[in-house]
Structures are given as C-alpha cells and as structure tokens.
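*Asks:* Sequence below, structure please.
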Amino acid sequence: MESLSTGVIADIVNGGHPEKPVVQILTMKRIPSGSQERWRLLLSDGKWSSSFAMLATQLNPKVDSGDITNNCIIRMDRYVCNTVQENKKVLIILDLSVTMTGAEVGKKLGSPVNYDSNKSAAQQQEQPQQHYKAPASKVAPNMASAGGNVPRIPLAQHNVPARASCVTKTPSGGNVHPIESLTPYQNRWTVCARVTNKSAIRTWSNSRGEGKLFSMDLLDETGEIRATAFNNEVDKFYDMIEIDKVYFISSATLKTANKQYSNLNNDYEMSFNRTTEVTPCHEETAIPTMQFNFTSLDQLESLTKDTILDVIGVCKETYDLSHVVMKSTGKELTKRDIQIVDQTLREVRLTLWGTQAEIFDGSQQPVVAVKGVKLSDFNGRSLSVLGSSCVQINPDIQEAHLLKGWFDNGGSTKETVNLSGRSGQAGNMGGTFKLFVEAKQNTGTDQPEYCCIKGCVVMVRKESGMYQACPKEGCNKKVVDQGNQTYRCEKCDYTHDTFQWRIMLQVCVADISDSQWVSVFQDQAEQMLNVNASELGALKDTNKDEYDKIMDSILFKNFNLKLRCKIEVYNGESKWKATVMNLSAVDPREHSRRLITEIKQLTGKA
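*Replies:* Below is the predicted model of the structure:
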C-alpha cells in the first residue's frame, strides 16, 4: 500500500532530492501571471506542510480537467526546489501522477505542521505522524481506462540521483538549476549550460541612440534558452564565450521570449546585465552538444510561410556568390544559394548569407544541418539562414551519417522533385504536378498554394494583353495618357514624357480535367510569346495583324506552368485565381519519365 512520504518536505527544503515522493495537496490558489495563470499549493507529507509550492504551467490542464483538486494524493515525478529569497525555498512541480483523487481521500491526512527551515525540529513542535494507507477494497472508477494503474514514465529522468558526469553544484557550492525550471519569479539561480550557437556582434542606431548586441543559445539536459548581451556586456563576454564550451551563468534577467527572433522551445529568454556572472565549467558533464528536431523536405509544402524549423540535407549543387541590396537600409549583402536533397527525393534551395556564404565549400557535396532556418514561399518553397541559425557542415550525428550513406550509394542518381523553381531552368519547375481539379481542391484563402500544371493554351485575350506603364524603375504602375504626349503616374505622383510597354496576358489553359484562365506577367509572358514587350507594343500601335499573329502563335501549344494559386473573395463571392510564376516548353522525354514515375507510385512499384 502506498503511503505519504513522511518528512519529505523537510528533506527537500534542506537540499535533498528524494525520488518520486508522495504528498497530499491540501489547498490550491490561483495566481494570475501574465498570459498564463499559475497555481500555488499547500503541500503536506503528513508530518510537515509547506505553502511555498507551485505547479509548472504545463500542468494547468490537469487542474482544468479536475484531475488535481484539494486533498488529492500525488506522486511528484519531476520537481525542482529553487531559492527565491535569502532564506526562502519554492518547490516547483514539473510533472506528477495523481495516485488518489481528492473525492476518494476526502480529508486532510495527519496533523502536519508548517515547516520553517530557520527553526530546529524541536522548536517546530512536531505532531504525531500519521500515514495514509489506501483502502484495499477501494478502486478508483475508470482507473484502468484512465491509465491510473500504469506507472507514468516521465519524458526525461531529471530527478534521478546525480551521476558522476552531471554537474549539480556551482563553484561556490550552491545548487545548479535546470533550464526548464527558470521563471522570471526567481531572483537567485545558476545554470550550467553548453553554448551551442553564438551570433556575430550586431549594431543598431535609432532615435533612442546607438548600441550593440550578440545572442547565444544555451543547452542543458532539460532544455534550451536564448541569452542576449548588450553594450558593456558585449565587451565583457563576447571574446570569453566560445561555442561548444560549458559555463556556469547566474544573475541574468529573465523575460518572456520573443518568438519572432527565437525558435527555441522555451517561454523565456535571458538578458545579461551588470550583475551577470559567467564562469567556465571545467568538469566533465552529460550536457549534449546540440538538439535538432529535423523536418524532412517532403513536409515543406504543407507548412506555412515563415515557419522556423531544423533541416538536414546533402548539398547537391552550389551556386556562385551574389550580392543583394537591402531596400530598408541600402546595405549590400553577400549570399550564396545551394540545393540540398534528402531521402524523400525532394530538393530545396537554401540561402546562406555573409561569411557563411563566402567560406562555404560544396565541392565534396557535404551534409548540411541547420537549426532555426526560415521557410519562404518565394518561387515555390525555399529556405533562408537567419542570424540566429546554427549551420553545421558534416555534423557527427546519426542522421548525417545515414543521409550521406544513402546519397553515396545511389541517392545522388535518383530523380528528385525540386521544390524551389529557379528562373531560366527549362523543364525543372520545382513543384508537384497536379491537374486543375486537384489544384482547386487544395487551395485555401489564407495562404497561396503552389503547383505545376501541364496544359494547353486554348484562348488568349489579345486586346487587354498590354498596357502603358510608368518608366520609373520598379514602379510598373499603369499611367494615364494626358493627351499632350505626357503620361501621369498616380503612384509616383509624377508626369513623364514617355512610358514603357508591359505585358499582362490572360490565357485560358486546359488539361484533361478542366480549363482555367490564368495571368501571365511580363517576364513569363515574353518567354511564352518569344518577343520582348517594347517590340510587341510597337506592333500593337503600327501593325495590328502582326500583333495578332504573335498572340495567336501560342494557341494549342503545351507548356509546363508553375502556378501561384489562391481563392480570393470579392463582394461575398469566392473565385479561384492563378498566376504563372515560371514556365517551360514540354519536353516529351521528361514528361514521359514523370508519368512513368507516377504510375509506379500508384501501383506501389516505385
């Protein structure tokens, strides 16, 4: 029979860590805490009681469902005891199992006395001990279906006795706190963590002044957290802190994490301040080197734009360095695109920036693992490394070894689907081929969908196929003819003495399932018609027959079209719209190979 772990509260408060103690919750009190409420508990072990106990927020659903109530008996599967003031300890329960409900117990067990660590046992007037024994004949209703008789296995055994390789004490002799237990309500703590990533120093200048910062990712056996240092702390810590080294860190400020800049699985993040202390840990530890949660490339098309994720792939192709200018700052950036592929036979473009782009060597087709990469829907699906991302080349992990073995033993010759169409790549559309009827079924109103269609042009709207546009670079807005050889652009609020022709085709494309009007804009339209816009515009004004002949030249021709599809709602009416993002002529051999592959997949012989 299970009984309360008599005297365990005193043991925990005094620095002990008994494994899975059993206690009773006497009362519970809701404490508002930002966006999430917390619960404060009065715990009893039958001999001692303590009101300095709290539930971790992930256990709130157990309170909402009625599993945790007053008088219930619980087993603390995982917990920590933190010092929040000079002489005050707070017990935080991270995971628990309810061994008997409050309704079954129905009363307080024993006569527990509030435990004060500043008083001796004699001064606290101990009361006679009373043990709780569950009635032999009483069984909780639906216990089997609820899993009550099955011992709960915690996600991680953080409360087992410390192994020789685990660091449990700080250099000054205090307790080391797990990262997952940190909250802004603690003011005295020290963590022992490995630095898995460190950013470059970034500077800023705005109306409030100038400054600099760098950030790092910290990892221990329980979880991860982002830490950021500013200004003076940058000078103090940047050169000292090295990636993959382990440090004791204390007295930083904890605040709610900004998920726009951090993809780590933690509700909080650290900010270093003038009292922060960082000390190298020279002991051997059991802290892992990096935690990845890889997403396979075949899942990218189902994820939403701007998702932050971890990916791994073999570098199949490396492109030359290029330079882009940021519109917001005018700063020139260096970039390099690479194509990575995995066992799902999908490949995607990954963009590296700055120094990473300059030093990357893809000649040996290395395995590339990236933690915290950003997903984009530009030209299909593509990935971009962020300032907070961690890029590892040929990492010594199982996933990398398996992937490289697959690639070197036949994977490099297999036909793949390119999720990232690159302009000018004839025949390689970078997407999944669908019929119109399939594309319409999978299109929503929230995010655009991308797909490839093999179709035949059956109609062209010739009269509305061109317009006079603003000649200012990057504008392309339609101008108003003033009638005096001047042209007004309302967007630029300027009158020009000339204009430029732009093509905006509306073509009806048909496949075996349906037909659909799609929009084809400048670059793709010039490619489709095999003529540039200025020449076609001149013919529109001077030689209407030749203009019509060029427009009719694409009728009944087959094209591979990459479409951006979305359902737009106007005046309460929904309409499926598609824009051509990329196109190529149909290569009969490649088209046949694709059909054979699809047939094999349908028959299960792929």
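*Asks:* Mind checking what secondary structure residue 314 has?
*Replies:* strand (DSSP: H, G, I helix; E, B strand; the rest coil).
*Asks:* Quick one: residues contacting it.
*Replies:* By CB atoms under 8 Å, 6 or more residues apart in numbering, the residues touching residue 314 are 340, 341, 342, 365, 366, 367, 368, 403, 404, 407, 411, 412. Using the backbone N, CA and C atoms, a C-beta is placed for each residue, glycine as well.
*Asks:* where does the closest residue to residue 257 other than its chain neighbours land in three-state SS?
*Replies:* If the residues on either side of it in the chain are set aside, residue 257 comes closest to residue 269, at 4.3 Å by CB to CB, 6 or more residues apart in numbering. Here residue 269 is recorded as strand under three-state DSSP.
*Asks:* Narrow the contacts of residue 314 to those in strands?
*Replies:* Judged by DSSP state E, the contacts of residue 314 include 340, 341, 367, 368 as members of strands.
*Asks:* Relative to residue 190, how far out is residue 53?
*Replies:* 22 Å (CB to CB, to the nearest Å).
*Asks:* quick one on the thing from earlier: arrange the ones in strands among the contacts of residue 314 in TSV, one row each, with neighbour count, pLDDT and distance to residue 556 as further columns.
*Replies:* Below are the ones in strands among the contacts of residue 314 laid out as TSV (neighbours: other CB atoms under 10 Å; pLDDT from 0 to 100; distance: CB to CB, whole Å):
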residue	neighbour count	pLDDT	distance to residue 556
340	26	95	39
341	25	95	36
367	22	95	47
368	25	95	45
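*Asks:* which ones are touching the residue nearest to residue 257?
*Replies:* By CB under 8 Å, 6+ apart, the contact set of residue 269 is 225, 226, 227, 228, 254, 255, 256, 257, 258, 262.
*Asks:* quick one: the closest residue to residue 487 other than its chain neighbours from residue 502, how far?
*Replies:* Leaving aside its sequence neighbours, residue 487 sits nearest to residue 479 (CB to CB, 6+ apart; 4.0 Å). Distance of residue 479 to residue 502, computed by CB to CB: 10 Å.
*Asks:* more neighbours, these two?
*Replies:* Shown here are residue 479 and residue 502; by other CB atoms under 10 Å, residue 479 has more neighbours (25 against 20).
*Asks:* Surely residue 419 and residue 344 touch.
*Replies:* No - if you go by CB atoms under 8 Å, residue 419 and residue 344 don't touch, sitting 10.4 Å apart.
*Asks:* Identify the contacts common to these two.
*Replies:* With CB under 8 Å, 6+ apart, residue 419 and residue 344 have common neighbours residue 297.
*Asks:* of those two, who's got more company?
*Replies:* Taking neighbours as other CB under 10 Å, residue 419 and residue 344 compare with residue 419 leading, 23 against 14.
*Asks:* quick one: the helices in this protein?
*Replies:* Assigned by DSSP state H, the helices in the chain fall at 8-13, 60-64, 102-105, 143-146, 232-237, 354-359, 398-408, 436-441, 522-529, 533-542, 544-552, 588-603.
*Asks:* Figure out which of those helices is closest to residue 26.
*Replies:* In terms of CB to CB, the element of the helices of the chain nearest to residue 26 is helix 102-105, at 9.9 Å.
*Asks:* what packs against the closest one?
*Replies:* Judged by 3 or more CB pairs under 8 Å, 6 or more residues apart in numbering; DSSP states H and E, helix 102-105 has no packing partners among the helices and strands.
*Asks:* Please state the mean pLDDT value computed over it.
*Replies:* Per-residue pLDDT over helix 102-105 has a mean of 86.
*Asks:* just how off-centre is it within its chain?
*Replies:* 42 Å (CA atoms, centre = their mean, to the nearest Å).
*Asks:* Can I get that helix in PDB, CA atoms only?
*Replies:* C-alpha atoms of helix 102-105 as PDB (Å, rounded to 0.1, in the frame of the first residue of the first chain):
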ATOM      1  CA  GLY A 102      -9.500  14.400  -3.600                       C
ATOM      2  CA  ALA A 103     -13.000  12.900  -3.600                       C
ATOM      3  CA  GLU A 104     -11.600   9.500  -2.600                       C
ATOM      4  CA  VAL A 105      -9.500  10.800   0.200                       C
END
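*Asks:* hang on, the earlier thing: relative to residue 286, how far out is the residue nearest to residue 487?
*Replies:* In terms of CB to CB, residue 479 sits 69 Å off from residue 286.
*Asks:* okay, residue 53 and residue 190: which has more neighbours?
*Replies:* Taking other CB under 10 Å, residue 53 and residue 190 do not tie; residue 53 has more neighbours (24 against 18).
*Asks:* all strands of the stretch 301-450 of the chain, in order?
*Replies:* Chain-ordered strands for the stretch 301-450 of the chain, with DSSP state E, counting those that start in this stretch as the definition, fall at 308-318, 322-325, 332-341, 346-353, 367-376, 382-393, 417-418, 449-460.
*Asks:* What strands flank the fourth one, and is each parallel or antiparallel?
*Replies:* Strand 346-353 has these partner strands in its sheet, going by DSSP bridges: strand 332-341 (antiparallel), strand 382-393 (parallel), strand 417-418 (parallel).
*Asks:* and these, which is most packed in?
*Replies:* strand 417-418 (a mean of 21; mean count of other CB atoms under 10 Å).
*Asks:* Show me how far that strand is from its chain's centre.
*Replies:* 23 Å.
*Asks:* before we move on, the earlier item: shared neighbours of residue 479 and residue 502, anything?
*Replies:* Residues within reach of residue 479 and of residue 502 at once, by CB under 8 Å, 6+ apart, are 468, 469.
*Asks:* Is it correct that residue 506 is in contact with residue 457?
*Replies:* No - under the criterion of CB under 8 Å, residue 506 is not in contact with residue 457, lying 11.0 Å apart.
*Asks:* These two: who's more crowded?
*Replies:* Taking other CB under 10 Å, residue 506 and residue 457 do not tie; residue 457 has more neighbours (21 against 14).
*Asks:* Relative to residue 321, how far out is the closest residue in space to residue 49 that isn't next to it in sequence?
*Replies:* Computed as CB to CB, 6+ apart, the closest residue to residue 49 that is not its neighbour in sequence is residue 112, at 3.9 Å. From residue 112 over to residue 321 the distance is 70 Å, taken as CB to CB.
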